[in-house]
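J.: What shape does this take:
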Amino acid sequence: MSKQFSSLGISAPILKALGELNIVEPTEIQQKTIPLLLAETQDVVGLAKTGTGKTAAFGLPLLQLVDTESPVVQAVILVPTRELGQQIFRNLEDFGKHIPNISIASVCGGIPIKPQIERLTQPTQIVVATPGRLIDLIQRKAIDLKQTSYLVLDEADEMVSILKESLDEIIAELPKKHRTLLFSATLPGTIKQLIQNYLNKNVVQVSANMETAGNQGIDHEYIVVDPIEKLDVLMHFLNSKEGERGIIFCKTKAAVNKLAKNLAINRFSSGALHGSLSQGIRDRIMEQFREGHINILVATDLAARGIDVKEISYVVNYHLPDTYENYVHRSGRTARAGAKGLSLTVLQEEEVAEIPEFEAELGIKFTQFQKPSALSLEENNMLLWAKQIFKTKPNHDMSSDLKTKVKTVFHHLTKDELIEKLMASYVLQNKVEVTEKPVKKFKK
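T.: Numbering: from 1, shown residues only. Here you go, the predicted model:
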């Protein structure tokens, strides 16, 4: 392992940390980027899909290039969300733990600014920041970027609109001679314009195999449903993935809340994540997800940025994403660190025509996921109902006299007999007569 990373020019303290982290082999974007950042002086654009190791591609060289004897900020890494910032900060701390006197700070929005201001009074070589919070610190004169040599724009395609408003103000604080390193999973026209406006004309562009690198290990599938059965089909899929961790993406906060409520009613171990939640709640839900206390995360696109959890086995696009870029970022949450994963998109009939467009644009192939039969959906709904009963906490406020009377009604039944009667009662209560043909339809 060390020989592979050492051949890229990585120093001994970082190699030691990589060995302890069991990071065995440089990814393609790391192999192409690390020597370039260490040996050259040009601006760099790095293109690679989510999950291919972009953080190490720029993080390892930066840790090696900064002067730890100098207390000033020498590198700034801009990120779209605090969650991603925290992830990068943790990664850099792990990579640099054997470098004497290295000092890294995370100054992202969503939490009080005063502790961050206090932190920046100490020697700091690398800062991970969201654009808005960095500008706030600049305006308060709490951070000095006059000797900053490196500006990294990570996941640039996710913060184009933010950068348009804030990049001029940030760059005005940097010395004229600085290197800009832009990393992105996609290269839309807005990013090309940003590169033209802010990076040196001799910029070097490197890319991992965009056709396959970000999609290796991911099975891209779609399932076609009628609107009325959409939730039932999802519940059936989630039951088949019991014990596995996954993320369900919705377009809006309202849709996230509605779906999360349905999952809670059906006793799925889940949590909701969107921009209207307080940072404290978002942090708590993310920690529960990382630690495995909840298995399912229902999220909007932006709220889910920075989720780097290796054991995510599936992603569900409950709503078709608006852009190809969003699909890349969503599906990239699974199959990380060489694992396998499933990206399942739930479609209505009229949306199927868009699948060939996604395939052509992203260089991937979708297969159709087999929709469960009506009988299978009905049986799954009964199982969910049974789980609701099993997980319902006893009501200790009921009078003991009433409990005794109810127990007396059932006392002569065996456990199996009682279960069979409960199931029969469920069927009777959820039976709907249709004029031409009587069928059973279970409520959600």
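
J.: make it CA atoms for all contacts and neighbour counts henceforth
T.: OK.

J.: next helix or strand past the helix or strand hosting Ser343?
T.: Using DSSP states H and E, the element containing Ser343 is strand 341-347. Per DSSP H and E, the first helix or strand lying C-terminal to strand 341-347 is helix 355-362.

J.: Now do the buried residues in the strand holding Ser343.
T.: 341-347 (16 or more other CA atoms under 10 Å).

J.: I'd like those residues written out as TSV, with distance to Gln388 and pLDDT added.
T.: Shown next, in TSV, are the buried residues of strand 341-347 (distance: CA to CA, whole Å; pLDDT from 0 to 100):
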residue	distance to Gln388	pLDDT
Gly341	29	88
Leu342	27	92
Ser343	28	93
Leu344	26	95
Thr345	27	95
Val346	25	95
Leu347	28	95
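
J.: now, among these, which is nearest to Ile99?
T.: Nearest to Ile99 among these, counting by CA to CA, is Gly341 at 35.1 Å.

J.: I'd assumed Lys310 was in contact with the closest one.
T.: No: using CA atoms under 8 Å, Gly341 is not in contact with Lys310; the gap is 10.2 Å.

J.: ok, now which ones touch the spatially closest residue to Glu361 that is not a sequence neighbour?
T.: Leaving aside its sequence neighbours, Glu361 sits nearest to Tyr324 (CA to CA, 6 or more residues apart in numbering; 7.4 Å). Residues counted as contacts of Tyr324 (CA atoms under 8 Å, 6 or more residues apart in numbering) are 358, 361-362.

J.: and those residues, which are buried?
T.: Buried by 16+ other CA under 10 Å: 358, 362, out of these.

J.: Run a quick neighbour tally on Asp168.
T.: Number of residues near Asp168 (other CA atoms under 10 Å) recorded here: 11.

J.: any idea of the pLDDT on it?
T.: At Asp168, the predicted lDDT confidence score is 89.

J.: How about Gly306?
T.: At Gly306, pLDDT is 61.

J.: still on that earlier bit, overlap in contacts of Gly341 and Lys310?
T.: 334-335.

J.: still on that earlier bit, include distance to Asp232 when you put the contacts of Tyr324 into a markdown table, please.
T.: Listed next are the contacts of Tyr324 as a markdown table, based on distance: CA to CA, whole Å:
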| residue | distance to Asp232 |
| --- | --- |
| Phe358 | 26 |
| Glu361 | 31 |
| Leu362 | 30 |
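
J.: and which of the contacts of Tyr324 is nearest Leu21?
T.: For the contacts of Tyr324, the residue nearest Leu21 by CA to CA is Leu362; the value is 31.7 Å.

J.: now the closest one: how far from Gln205?
T.: Per CA to CA, to the nearest Å, Leu362 is found 19 Å from Gln205.

J.: Same question for Tyr426.
T.: To Gln205, Tyr426 is 62 Å away according to CA to CA.

J.: Go through the longest helix seen in the chain and flag the buried ones.
T.: Longest among the helix segments of the chain by residue count, using DSSP state H, is helix 374-391. Within helix 374-391, the residues that count as buried by 16+ other CA under 10 Å are 377-378, 380-386, 388.

J.: Please parse this protein into its domains.
T.: If you go by automatic domain parsing, the domain ranges for the chain are 2-207, 218-374, 393-444.

J.: hang on, Thr41 packs against Arg179?
T.: Yes: at 7.1 Å, Thr41 counts as touching Arg179 under the criterion of CA under 8 Å.

J.: These two: who's more crowded?
T.: Arg179 (21 against 13).

J.: any idea of the pLDDT on the more buried one?
T.: Value listed for Arg179 in the pLDDT field: 95.

J.: With Tyr324 instead?
T.: 80.

J.: Enumerate every residue touching Lys54.
T.: Lys54 sits in contact with 29-30, 48, 183, where contact means CA under 8 Å, 6+ apart.

J.: Now, these that are in helices?
T.: Per DSSP H, these map to helices at 29-30.

J.: Reformat the contacts of Lys54 as a markdown table; add neighbour count, pLDDT and distance to His98.
T.: Formatted as a markdown table, the entries for those read as follows, by neighbours: other CA atoms under 10 Å; pLDDT from 0 to 100; distance: CA to CA, whole Å:
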| residue | neighbour count | pLDDT | distance to His98 |
| --- | --- | --- | --- |
| Ile29 | 23 | 90 | 24 |
| Gln30 | 27 | 92 | 20 |
| Ala48 | 25 | 81 | 28 |
| Phe183 | 26 | 91 | 26 |
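
J.: closest to Val409 among the contacts of Lys54?
T.: Using CA to CA, these come closest to Val409 at Ala48, 65.8 Å.

J.: Cheers, nothing more for now.
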